[in-house]
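Asks: Take this sequence and fold it.
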Amino acid sequence: VDNADNSASATVSGISIDKTPPSLSGSPTTAPNGAGWYNGDVTIQWEASDGLSGIDPSTIPADSVITGEGTGLYATASVSDKAGNTTTANSPSVKIDRTKPATTVSVVPTGWTNMPVSLTLSASDNLSGVAQTYWQLDGGSTQTGTSVSINTEGNHTLSFWSVDNAGNVEDANTVQVKIDLTPPSIGHTLTPTPNAAGWNNTDVTVTFTCTDALSGIASCTNPVTVSTEGAGQSVSGTATDNADNTAADTVTVNVDKTQPTITASRSPAPNSFGWNNTNVTVSFTCSDTLSGVKSCTAPVTVSTEGANQQVTGQAVDNADNSASATVSGISIDKTPPSLS
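Replies: I've put the predicted structure just below:
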């Protein structure tokens, strides 16, 4: 409008104003486990919108990948609208634990033991924490818990592992537990073997034989030689297996090396010329102070005429030692002389 009131008009159109930044949000493409943890990379997908000028296509963010370990991990992205307004946003925080837990076992007996074994499993995880500990005995069913009792004999294999709250599964650990609750067996032999009466008349060697079906023999008493005479001599041996179970064996040894004594007598006595004119009976007396007399020759009657006849008797003790005695010079003449 000029000062003379003349007027004219002009129009500028297409003026678009957008002062509001676009919206931008991100969300994981996969959900965490029930405990709220991930054990691998997390992909964040971004969604952007703008109700007025619209999103600048060249600024639409690609998916982000969250790596690393820890809590409160997030990704950041930016987007612009066609008016040049820019928004920068953080994704929701996530928790990532990539490290497997570690499980240890209380002291395991070295080698064989002769009693039941109780073990305690201890698991640790520095980030998400331990969810559960598992174990198997000899490949059996999987059990949960941290206490393991092994009460049966055998060479057992215990496998154990843990899982953390992020779902990381530990590689199985194994230990051997060897239990032998049964004492070994022990027996003996005597060389030479005793006679039927249980006696020997020479040195006797006692040899012990030891066996163990599970852990095996650790020690067995060496052979023992008995050289001293005596009745009821006791010789003991011990078997010890590799689990320290023991068994004992005792054997009684009877040794008599001494001959019995035997004496002989005749009846009736000869006359002054050394002759008898009747039958002569020879009797024997036997004795043995240790094993005792087993046999003694019975009285022998000499009835046959003749000069210088002899009778021998024998004494045998229960250890089969023997001795003999002889009566000689037995002269018998029952025939009267002739006279004319």
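
Asks: Run through the bridge partners of the nearest residue to Phe284 once chain neighbours are set aside.
Replies: Among residues not flanking Phe284 along the chain, Gly313 sits closest, at 3.8 Å (CB to CB, 6 or more residues apart in numbering). Using the backbone N, CA and C atoms, a C-beta is placed for each residue, glycine as well. Taking DSSP bridges as the rule, Gly313 bridges to Ala325.

Asks: all strands for the stretch 101-250 of the chain, in order.
Replies: Under the criterion DSSP state E, counting those that start in this stretch, the stretch 101-250 of the chain contains strands at 102-105, 112-113, 117-124, 130-137, 143-144, 147-150, 154-164, 173-179, 185-191, 204-211, 217-220, 224-226, 230-241, 246-255.

Asks: quick one: the fourth one to strand 117-124, angle?
Replies: If you take axes from the mean of the first three to the mean of the last three CA atoms, to 10 degrees, strand 130-137 sits at 150 degrees to strand 117-124.

Asks: which element is Val65 on?
Replies: Element membership for Val65, per DSSP states H and E: strand 64-66.

Asks: hang on, the earlier thing: any chance of the strands of the stretch 101-250 of the chain in TSV, plus distance to Ser58 and mean neighbour count?
Replies: Listed next are the strands of the stretch 101-250 of the chain as TSV, based on distance: least, CB to CB, whole Å; neighbours: other CB atoms under 10 Å:
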stretch	distance to Ser58	mean neighbour count
strand 102-105	49	17
strand 112-113	74	20
strand 117-124	49	16
strand 130-137	45	18
strand 143-144	55	10
strand 147-150	62	15
strand 154-164	43	19
strand 173-179	54	16
strand 185-191	90	16
strand 204-211	88	18
strand 217-220	83	16
strand 224-226	102	15
strand 230-241	83	17
strand 246-255	88	17
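
Asks: closest to Thr263 out of those strands?
Replies: Proximity to Thr263 (CB to CB) singles out strand 230-241 among those, at 24.1 Å.

Asks: So which elements touch that closest one?
Replies: Counting contacts by 3 or more CB pairs under 8 Å, 6 or more residues apart in numbering; DSSP states H and E, strand 230-241 packs against strand 185-191, strand 204-211, strand 217-220, strand 224-226, strand 246-255.

Asks: Looking at those, spot the one closest to Pro270.
Replies: Ranking the helices and strands packed on strand 230-241 by their distance to Pro270 (criterion: CB to CB) puts strand 246-255 first, at 42.4 Å.

Asks: Partner strands of the very next helix or strand once past that closest one and their direction?
Replies: As assigned by DSSP H and E, the chain's next helix or strand after strand 246-255 is strand 261-267. Strand 261-267 has its sheet partners listed here by DSSP bridges as strand 280-287 (antiparallel).

Asks: Please identify the buried residues of the partner strand?
Replies: With burial defined by 16 or more other CB atoms under 10 Å, the residues of strand 280-287 counted as buried are 280, 282-284, 286.

Asks: how about the residues you listed in TSV, adding distance to Ser93 and pLDDT?
Replies: Listed next are the buried residues of strand 280-287 as TSV, based on distance: CB to CB, whole Å; pLDDT from 0 to 100:
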residue	distance to Ser93	pLDDT
Val280	131	98
Val282	124	98
Ser283	122	98
Phe284	117	98
Cys286	111	98
